[in-house]
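Student: after the sequence you'll find the predicted model.
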Amino acid sequence: MKFGILGTAGIGVKSVIPAVQASEHEAAAIASRDEARASAVADELGIPTAYGSYEALLADDSLDAVYIPLPNGLHADWVRAAADRGLHVLCEKPLTASADETAAVFDYCEDAGVTLMEAFMYRFHPLTERAAELVASELGAVVSVTSNFSFRLPEGADDIRIDPDLAGGSVMDVGCYAVSAARLFLGTPDRVYATTTDTRDCGVDTRMSGVLEYDSGATARVESSFDTPETQYYRVQTTDGWLEANPAFNVDPTAAAELTYATDGRVVTETFDPTDSYRREVEAFARAVETGETPRVDREESVSVMRTIDAIYESAETGAAVELD
């Protein structure tokens, strides 16, 4: 499969383009609004073609799919533009800025006959796959989940992640992982209560703390921040034990990963060989395109996570719990 890359964002340059090149697929073209920048990245990474506009790349009939690492607020428009050209789309998380918009772009891609997948790469790491398997089949009922993804964004940074016009904020950047993990183990919550703080007077949240409640009595606590040292973990409490992953999301592809769980009075640590979750994500997306199967991160999951994020923001604004239908 030939991929076009819309933009020269760091996540693409450092992680996804090398992952495509390490697979049996090809990073065939890259585009930037700055043609010199596109050419420089193409030369650096050995990409055959560089374009000075996103429109020019989308007009390249040799491509099969695009990867979109653009700022959050631009995702929906370029997903639709790619679909109009018959290109399948792997788009960075969060897929769009709201649940309604997420549902709408899935409708659009379905009508266009193209596959759309949100790029939650951690869902393809063997650690995550094993954690989901253990919770679903070997541990008791889930009582609670605690999930946090935080890091320190340098003060004074001119960064798209703190730009309100581009759907920035800690929730949209890293808190979405915490919400995704809670959903993986407990599903969509029935109500949400959350607080957010803008510690930098930048117009977006730089810290979030939320509680997701379920009619079953289970709860999840989710947190994100741009103001604290890097933290990325989840812990699942069950009626007969617990499970914990740390680090859980952006796992170093050159390092082994560990998953620890306890059940029936025994504590077990499983170790996973170094794994490039980005490569596994790319390969899974390509298989879904080639076979016509529903991607692992599908419409239901993407919309559910975004509905929860919408409720987090609504609760933070109103100071009240938000019920999800």
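Tutor: Received the coordinates, thanks.
Student: for the biggest helix by length in the chain, give the mean pLDDT please.
Tutor: Counting by DSSP state H, the longest helix found in the chain is helix 299-318. For helix 299-318, the mean per-residue pLDDT is 98.
Student: next structured bit after that helix?
Tutor: Once helix 299-318 ends, the next helix or strand along the chain (criterion: DSSP states H and E) is strand 322-323.
Student: look up how far residue 54 lies from the most centrally placed residue in the chain.
Tutor: Nearest to the geometric centre of the chain sits residue 120, at 3.2 Å (C-alpha atoms, centre = their mean). Using C-beta to C-beta, to the nearest Å, residue 120 is found at 23 Å from residue 54. Where you see a C-beta, it was placed from the backbone N, CA and C, and this is true even at glycine.
Student: quick one, helices of this protein?
Tutor: Using DSSP H, helices in the chain cover 10-11, 17-22, 35-45, 54-58, 75-84, 99-112, 126-137, 170, 176-186, 277-291, 299-318.
Student: pretty sure residue 163 is touching residue 71, no?
Tutor: Yes - assessed by C-beta atoms under 8 Å, residue 163 is found in contact with residue 71 at 7.2 Å.
Student: thinking again about what came up before, how near is the residue nearest to the centre of the chain to residue 55?
Tutor: Remark: distance between residue 120 and residue 55 (C-beta to C-beta) = 28 Å.
Student: and for stretch 193-205, what's in contact with it?
Tutor: Outside stretch 193-205, the residues that touch it by C-beta atoms under 8 Å, 6 or more residues apart in numbering are 155, 162-164, 168-172, 206-211, 213, 226-227, 311-313, 315-316, 320-322.
Student: the residue nearest to the centre of the chain: what's it in contact with?
Tutor: Residues near residue 120 by C-beta under 8 Å, 6+ apart: 93, 177, 180, 281, 297.
Student: try 6 Å this time
Tutor: 93, 180, 297 (C-beta atoms under 6 Å, 6 or more residues apart in numbering).
Student: can you put the residues you listed in CSV and add distance to residue 108?
Tutor: Putting the contacts of residue 120 into CSV (distance: C-beta to C-beta, whole Å) gives the following:
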residue, distance to residue 108
93, 18
180, 22
297, 17
